[in-house]
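A.B. asks: Turn this into a model:
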Amino acid sequence: MPHPSFLNRHALHLRPDPARVVVRAFRPSVEPRDYNPLDKTRANHIVDRVLALDVAEAEAVLAATLDNFDDRHRNLPAIFEQRAQEMEDAFSSHCCFTPTQLQLVGAYFLHEYSFEAAALFNPSIVPHPNQSGVAPGAIRFILSLRAVGEGHISSLTFRCGTFLADGTLMIEPPTRLASLPRVTMRVGDKLDLAFEADSDITERVIFPVTEAQANGIEDARFVPFIEEGQTTYYATYTAYSGQAIRSELIETSDFLTFRLTPLKGPAAVNKGMALFPRRIGGRYAMIARHDNESLHLVYSDNLLEWGLGTPILTPEFPWEFIQIGNCGSPIELDEGWLLLTHGVGPVRHYSIGAVLLDKDDPTRVLGRSHLPLVQPEKSTREGYVPNVVYSCGAMRHGAWIILPYAISDTFSTVATVKIDSLLAMLAPAYR
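C.D. replies: Numbering: from 1, shown residues only. Okay, the predicted model is just below:
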């Protein structure tokens, strides 16, 4: 391992908080043994019971519900009404509702979900689009994190922080509230999402919407992509249906509105794709792992269709004999493309390493770490999945690399390292 002073491990632990909740759609199921196509559904029965309440009782139930939950969510009455409107198939025998009845019906078809109760891990980091008011030599950043709640369902959440010129790193606490976006466009599995304009970024949670995402939006690798002076933030992530996986793409310019699109082609059927921050030779480029153990360079002319590419890295050292993968998008340096990697060794022990790729021809490996840069420590390796350190993306700022990473698929922390020190660890590649 490198000398202990090689990495500056900051005393920041981002741990899951079960108090952070969103409201999700809930619809009671019908037991197969009880099903009769001539009967009303359970949803119809619930609506009938609500409408049978007299005016005073309905108002009292709604007031008590709002008193119990309103301080935990943004604009809960509107959420109730929106959910009721989504349940119109249960209202077929009813012509109209009072505002109280509409909100109360909506409340019965929602439930709270603690989206990060189990884990908060696999972070990536990018510069914040708004750098106004930042001190000289400092940078404001956004962390994306994979949050896991009940049923091992993964969603995407955010934190903000600042890295100061003296090497101090601060992460702001999240807001108490959390909210889901509106779906503003849906064509097949292609989605446009929008959050409330006055919401804080730490409040925003991107939760699975499509069937392909039903069990998780996993391991988003964000990167600022610069073209013609404009910056677009892209992130590849794994959509998990509960049975199958595929790679999908997030696009945003402001972290307020997002577009989610499935990727296509043979390289997109696996996980762990990471986009280069600019075109190479006029084409989009990704690091991918479609053979489950090695890293490949793949290209696309349209950002969405990805064929098979050129193998550039295979497992070579004992700490990566099982497989290797990327730890986020390549970072452009004067010396080449810095690619952080992960390797899996004995007893499924995950470590983080690095390679340096040629800037013009990223299939050429210029240097490679023979030993891990970061690996699980005995004092912190216990967790949801023990013996794992993992990152979905680091960031350069001046002479520093800022590396957020997760520990044991449970919580996240951050380390920083000087670029010169990191490059000195990369032995020349003999190829």
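A.B. asks: For V23, list the residues it contacts.
C.D. replies: Shown in contact with V23 (CB atoms under 8 Å, 6 or more residues apart in numbering): H73, L76, I79, L110, H111, E112, Y113, L180. C-betas here are computed from N, CA, C, even on glycine.
A.B. asks: Okay, and the beta partners of it?
C.D. replies: E112 (DSSP bridges).
A.B. asks: quick one: S132 is in a strand?
C.D. replies: No. Per DSSP: H, G, I helix; E, B strand; the rest coil, S132 lies outside any strand segment and is coil.
A.B. asks: Distance-wise, check it relative to D254.
C.D. replies: Distance, S132 to D254, using CB to CB, to the nearest Å: 14 Å.
A.B. asks: okay, the two: which has more neighbours?
C.D. replies: Set side by side, S132 and D254 give different neighbour counts by other CB atoms under 10 Å, the larger being at D254 (12 against 6).
A.B. asks: Now the more buried one: closest residue in space that isn't a chain neighbour?
C.D. replies: P129 (6.0 Å; CB to CB, 6 or more residues apart in numbering).
A.B. asks: and the gap between the one you found and S155?
C.D. replies: In terms of CB to CB, P129 sits 22 Å off from S155.
A.B. asks: T100 in helix, strand or coil?
C.D. replies: helix.
A.B. asks: no wait, D254
C.D. replies: On the basis of three-state DSSP, D254 is classed as coil.
A.B. asks: S155 now?
C.D. replies: strand.
A.B. asks: Tell me which residues touch it, please.
C.D. replies: S155 touches F115, R146, A147, G149, V205, I206, F207, P208, G216, I217, counting by CB under 8 Å, 6+ apart.
A.B. asks: Equivalent analysis for T157, please.
C.D. replies: F115, E116, L120, S144, L145, A147, P174, A178, T202, R204, V205, I206.
A.B. asks: Looking at these, state which has the most neighbours.
C.D. replies: Result: A178 is most packed of these (other CB under 10 Å), 29 neighbours.
A.B. asks: per-residue pLDDT, that residue?
C.D. replies: A178 carries a pLDDT value of 96.
A.B. asks: Which one of the contacts of T157 is nearest to Y234?
C.D. replies: Nearest to Y234 out of the contacts of T157 is S144 (CB to CB; 11.8 Å).
A.B. asks: SS state for the closest one?
C.D. replies: Going by three-state DSSP: S144 is strand.
A.B. asks: how near is it to V269?
C.D. replies: In this view, S144 and V269 are 23 Å apart by CB to CB.
A.B. asks: And E382, by the same measure?
C.D. replies: Taking CB to CB as the measure, E382 and V269 are separated by 33 Å.
A.B. asks: repeat for N387
C.D. replies: 28 Å.
A.B. asks: now I312
C.D. replies: The gap separating I312 from V269 is 19 Å, by CB to CB.
A.B. asks: same deal with L256?
C.D. replies: With distances taken as CB to CB, L256 is found 31 Å from V269.
A.B. asks: Please state the mean pLDDT value computed over stretch 75-85.
C.D. replies: For stretch 75-85, the mean per-residue pLDDT is 93.
A.B. asks: what number of residues lie near P18?
C.D. replies: Neighbour tally, P18, other CB under 10 Å: 12.
A.B. asks: Please apply the same query to the one 10 residues further on.
C.D. replies: For P28, the count of nearby residues is 12 (other CB under 10 Å).
A.B. asks: That one contacts R42, doesn't it?
C.D. replies: Yes. When contacts are counted by CB atoms under 8 Å, P28 is listed as touching R42 (4.3 Å).
A.B. asks: rewinding a little: of all the contacts of T157, which comes closest to L366?
C.D. replies: L366 lies nearest to S144 out of the contacts of T157, by CB to CB, at 29.0 Å.
A.B. asks: Spit out the contact partners of the closest one.
C.D. replies: P123, S124, I125, V126, L156, T157, F158, A220, F222, A235, C392.
A.B. asks: The fourth one: what's it in contact with?
C.D. replies: Listed by CB under 8 Å, 6+ apart, the contact set of V126 reads F141, I142, S144, F222, V223, P224, Y233, G393, M395.
A.B. asks: cool, and I352?
C.D. replies: I352 sits next to 327, 340-343, 372-375, 389-391, 403, 405 when contact means CB under 8 Å, 6+ apart.
A.B. asks: List only buried entries from these.
C.D. replies: Buried members of the contacts of I352, scored by 16 or more other CB atoms under 10 Å, are 327, 340-343, 372-375, 389-391, 403, 405.
A.B. asks: Out of those, name the ones that lie in helices.
C.D. replies: In helices, judged by DSSP state H, none of the buried ones among the contacts of I352 are found.
A.B. asks: could you point out which element follows the helix or strand harbouring T261?
C.D. replies: Assigned by DSSP states H and E, T261 belongs to strand 257-262. Downstream of strand 257-262, the first helix or strand assigned by DSSP H and E is strand 274-275.
A.B. asks: what packs against the helix or strand bottoming out on mean pLDDT in the chain?
C.D. replies: Ranked by mean pLDDT, DSSP states H and E, the helix or strand of the chain with the weakest confidence is strand 427-428, at a mean of 82. Counting contacts by 3 or more CB pairs under 8 Å, 6 or more residues apart in numbering; DSSP states H and E, strand 427-428 packs against strand 365-368.
A.B. asks: Can you pull out the low-pLDDT segments for the stretch 1-150 of the chain?
C.D. replies: Along the stretch 1-150 of the chain, the parts satisfying pLDDT under 70 run over 1-5, 29-40, 89-95.
A.B. asks: at 80 instead, please
C.D. replies: Applying pLDDT under 80 to the stretch 1-150 of the chain flags the ranges 1-6, 27-41, 87-95.
A.B. asks: can you count the residues close to I226?
C.D. replies: Neighbour tally, I226, other CB under 10 Å: 13.
A.B. asks: doesn't F276 make contact with it?
C.D. replies: No. I226 lies out of contact with F276 (CB under 8 Å); the separation is 10.8 Å.
A.B. asks: sorry, back to before: just the C-alpha atoms of the strand holding T261, please, in CSV.
C.D. replies: Output in CSV follows, covering the C-alpha atoms of strand 257-262 (Å, rounded to 0.1, in the frame of the first residue of the first chain):
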residue,chain,number,x,y,z
THR,A,257,-34.6,19.0,-14.9
PHE,A,258,-33.4,15.6,-16.1
ARG,A,259,-33.8,13.4,-19.1
LEU,A,260,-33.4,9.6,-18.7
THR,A,261,-32.8,7.5,-21.8
PRO,A,262,-31.9,3.8,-22.3
